[in-house]
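Visitor: Got a sequence here, can you model it:
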Amino acid sequence: MWGVLGAIARASSPSPAAAAKTPRVEVSAFGATHTSLVRRHQLSRAVEVQAAVIASQLTGDHVSDLLHLVGLISDTHGLIRPEALDALRKSDLIVHCGDIGDPAVLVALRELAPVRAIRGNNDKGAWASSLPTCDVVEVGTHVIYVLHNLSELDLDPVAAGFTAVVSGHSHKPVIKKRGKILFVNPGSAGPRRFTLPVTVARLALRSRRCEANIVQLALSRQSRKRGLFT
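Guide: The predicted model follows:
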């Protein structure tokens with residue numbers, strides 16, 4: 001009911017284009033299953049699309065092609081490097097794809113931008129139990145599905161209406177387009193594993209475009225030895 005009322009309120013807003021200046025992020029219920037998340041998203045999305053059409057007809061406004069920057073980080077394992085913070089500093093939103101390792105990591109990231117985080121297989125304890133194992137994040141016109149281990153994806157992202165699927169776990173940075181869906185793994189910004197690079201990623205989102213790039217962190221000698229919580 002509240003979702004419908006919210007959509008109607010947005011539809012009657014005098015300037016939906018002005019409201020689009022801030023990335024709209026949908027909050028999903030913690031602990032929800034993949035299927036329930038998708039069903040909830042599809043229902044709310046249908047209402048919101050209808051409301052947006054009504055608003056456009058009433059006001060004549062068009063959705064502006066604003067650029068939204070989403071920072072992606074994963075597998076920090078309790079380590080947050082100053083280089084990672086610098087790389088994510090201009091983000092409108094930061095998504096942590098799991099294996100956080102310490103709540104202080106999220107505290108440091110929240111000083112830069114709003115943060116959405118999921119629980120990885122190595123995240124234990126009371127602080128981690130409050131985090132979801134997967135999430136659906138909406139930014140502007142785009143819908144991003146977040147999970148830790150891509151091998152556990154048990155839904156059709158095309159049918160669900162997702163623009164991108166982001167994950168972590170492997171520590172291997174990947175950007176790959178499969179049909180209409182962009183798959184992104186930002187790699188690991190935590191302790192280096194073998195010879196794998198230390199990386200984060202960025203999503204650049206416009207109304208009809210979703211692009212990603214991997215950022216390899218140039219580590220200082222101090223950062224190579226340890227991370228820094230700031």
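Visitor: In a helix, residue 85, correct?
Guide: Yes: per DSSP: H, G, I helix; E, B strand; the rest coil, residue 85 lies within a helix segment.
Visitor: Could you report the pLDDT at it?
Guide: Looking at residue 85, its pLDDT stands at 97.
Visitor: Please apply the same query to residue 22.
Guide: For residue 22, the predicted pLDDT is 46.
Visitor: now residue 35
Guide: At residue 35, pLDDT is 60.
Visitor: One more: the one 3 residues further on?
Guide: Residue 38 carries a pLDDT value of 66.
Visitor: Same question for residue 3.
Guide: pLDDT for residue 3: 38.
Visitor: try residue 80
Guide: 89.
Visitor: roughly how far apart are it and residue 206?
Guide: Distance, residue 80 to residue 206, using C-beta to C-beta, to the nearest Å: 29 Å. (Each C-beta comes from the backbone N, C-alpha and C, glycine too.)
Visitor: can you list the domains in this protein?
Guide: What the record gives for the chain is the domain set 2-59, 68-220, from automatic domain parsing.
Visitor: could you dump the ones you listed to JSON lines with mean neighbour count?
Guide: Formatted as JSON lines, these follow (neighbours: other C-beta atoms under 10 Å):
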{"stretch": "domain 2-59", "mean neighbour count": "15"}
{"stretch": "domain 68-220", "mean neighbour count": "19"}
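Visitor: Is residue 209 bridged to anything, and to what?
Guide: Beta bridges link residue 209 to residue 206 when assigned by DSSP bridges.
Visitor: pLDDT wise, what is the residue nearest to residue 163 when sequence neighbours are not counted at?
Guide: Nearest residue to residue 163, sequence neighbours excluded (C-beta to C-beta, 6 or more residues apart in numbering): residue 142, at 4.2 Å. pLDDT recorded at residue 142 is 96.
Visitor: same thing with the one 5 residues further on?
Guide: At residue 147 the predicted local confidence, pLDDT, stands at 98.
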